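>>> sequence and computational prediction follow.
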Amino acid sequence: MPALVRFLQRNGMTPINRNISLRGLRTFCVAAEHASFRDAADKLFITASAVSHQIKNLEEELGRKLFERTSRSLTLTESGRSLLEDIKPLILRLDEVAARHRVSATRSALSISVQPFFASEVFIPRLPQFTRDHPDIDIKVDTSDESAEKHPATADVSIRVFKSPPEGLSSDRLFPLRLIPAASPDLHRKIVVNKTSITGDVPLLVHDNRPKAWRQWQQSSGIQIPRDASIIRLDSMIAIARAAERGLGAALVPVQLSDAWFESGSLVPLSDHELVTRDAYYFVCRPGDANNETIQILRTWVLQNFVG
């Protein structure tokens, strides 16, 4: 015996036809809510005659009159009010369950590997825009493994620094890595910067992956850095930026990723000369995933927001 029939019997209604129409019950609830077959029809995107027909069939199935009809009004009978009180919560619950399963069936997920400094300064601040536009895509962001020039096996896509387009992978070049010298305001006041040299007690913050970056900047800019400057080596760009912010030394920071630091005054550029490296940020995925619809959606958004 269908569960709906058992429910109706427990509530004093013995259906003549045990194949009770769920559509008819839903239509009944909407018609009762609006007290109008025409308004119910508009809500359900069917005709008023179809609403009337479904209600008539339901009344025959239940053996009860549910509405009092006049030319000007539609009101519930006592049986109709009792049915609405019992059935409406069930219909709402069924709609919730159906909606949840409908959404879960169409959701997709992406695992994205992003290097920490890019993630914290650029990617994550803009990510709410993507999630608002694409609420059906679940995002997992992995910000580990900064140094490796590779696409992590566990990631669907990655945004990382490579010296050239990575072999065996589908990639889009986003922008070159450009570095500019910067320091905290306090440290900046203690040193002298002119067109030919930086002088003063200036510790240099050096990234483990770029031990020659300061010398390369010196050669390209023609500005001499202190020969006897102490060196502080760090293994991540975010650590270098934080150390520079706290006055630990001068740092070469990525131009495109440091706008917020400069705008807030946490860091001050020491020169407008940039070191344009051979490296660049790339959007990367496996060739077999390049045509995946979800990855294509993310790729389009990344190219619109980060290419420069």
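Done, it's in.

>>> in the stretch 151-300 of the chain, which spans are strands?
Across the stretch 151-300 of the chain, reading from the start of the chain, the strands by DSSP state E, counting those that start in this stretch fall at 157-162, 170-183, 192-193, 198-199, 204-207, 231-234, 251-254, 268-269, 275-285.

>>> could you check stretch 116-124 and say which residues are buried?
In terms of neighbour count (16 or more other C-beta atoms under 10 Å), stretch 116-124 has its buried residues at 117-123. Backbone N, C-alpha and C define where each C-beta goes, glycine included.

>>> output the below-cut-off pLDDT ranges for this protein.
Low-confidence segments of the chain, defined by pLDDT under 70, span residues 1-20, 99-106, 145-148.

>>> residue closest to the middle of it?
For the chain, the residue whose C-alpha lies nearest the mean C-alpha position (C-alpha atoms, centre = their mean) is Thr131; its distance is 3.1 Å.

>>> check contacts around that residue.
Contact partners of Thr131, counting by C-beta atoms under 8 Å, 6 or more residues apart in numbering, are 137, 139.

>>> try 10 Å
Taking C-beta atoms under 10 Å, 6 or more residues apart in numbering as the definition of contact, the neighbours of Thr131 are 137-139.

>>> got TSV for the strands of the stretch 151-300 of the chain, with distance to Ile87 and mean neighbour count too?
Below are those laid out as TSV (distance: least, C-beta to C-beta, whole Å; neighbours: other C-beta atoms under 10 Å):
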stretch	distance to Ile87	mean neighbour count
strand 157-162	48	23
strand 170-183	54	20
strand 192-193	78	14
strand 198-199	79	18
strand 204-207	67	20
strand 231-234	66	14
strand 251-254	62	26
strand 268-269	69	18
strand 275-285	50	19
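
>>> which secondary structure elements does the longest helix seen in the chain sit against?
If you go by DSSP state H, the chain has its longest helix at helix 78-106. Judged by 3 or more C-beta pairs under 10 Å, 6 or more residues apart in numbering; DSSP states H and E, the packing partners of helix 78-106 are helix 3-10, helix 22-34, helix 48-62, strand 67-69, strand 74-76.

>>> let me know the closest of the contacts of Thr131 to Arg246.
Ile139 (31.3 Å; C-beta to C-beta).

>>> correct me if wrong: the closest one contacts Leu110.
Yes - checked against C-beta atoms under 10 Å, the pair Ile139 and Leu110 is within contact range at 5.7 Å.

>>> those two: who's more crowded?
For Ile139 versus Leu110, neighbours defined as other C-beta atoms under 10 Å are more numerous around Leu110 (19 against 13).

>>> quick one: contacts for that one?
Leu110 makes contacts with 134, 137-141, 155-157, 285, 292, 294-295, 297-298, as judged by C-beta under 10 Å, 6+ apart.

>>> just the buried ones from those residues?
When burial is judged by neighbour count using 16+ other C-beta under 10 Å, the buried members of the contacts of Leu110 are 134, 155-157, 285, 292, 294-295, 297-298.

>>> next, count neighbours for Lys43.
By other C-beta under 10 Å, the residues close to Lys43 number 15.

>>> dump the residue contacts of it.
Shown in contact with Lys43 (C-beta under 10 Å, 6+ apart): 27, 30-31, 33-34, 36, 51.

>>> recalculate using a threshold of 7 Å.
In this structure, Lys43 makes contact with 30, 34, judged by C-beta atoms under 7 Å, 6 or more residues apart in numbering.

>>> secondary structure element holding it?
Following DSSP states H and E, the helix or strand that holds Lys43 is helix 37-44.

>>> report the buried residues of that helix.
Under 16+ other C-beta under 10 Å, the buried positions of helix 37-44 are 37, 39-41, 44.

>>> that'll do, ta.
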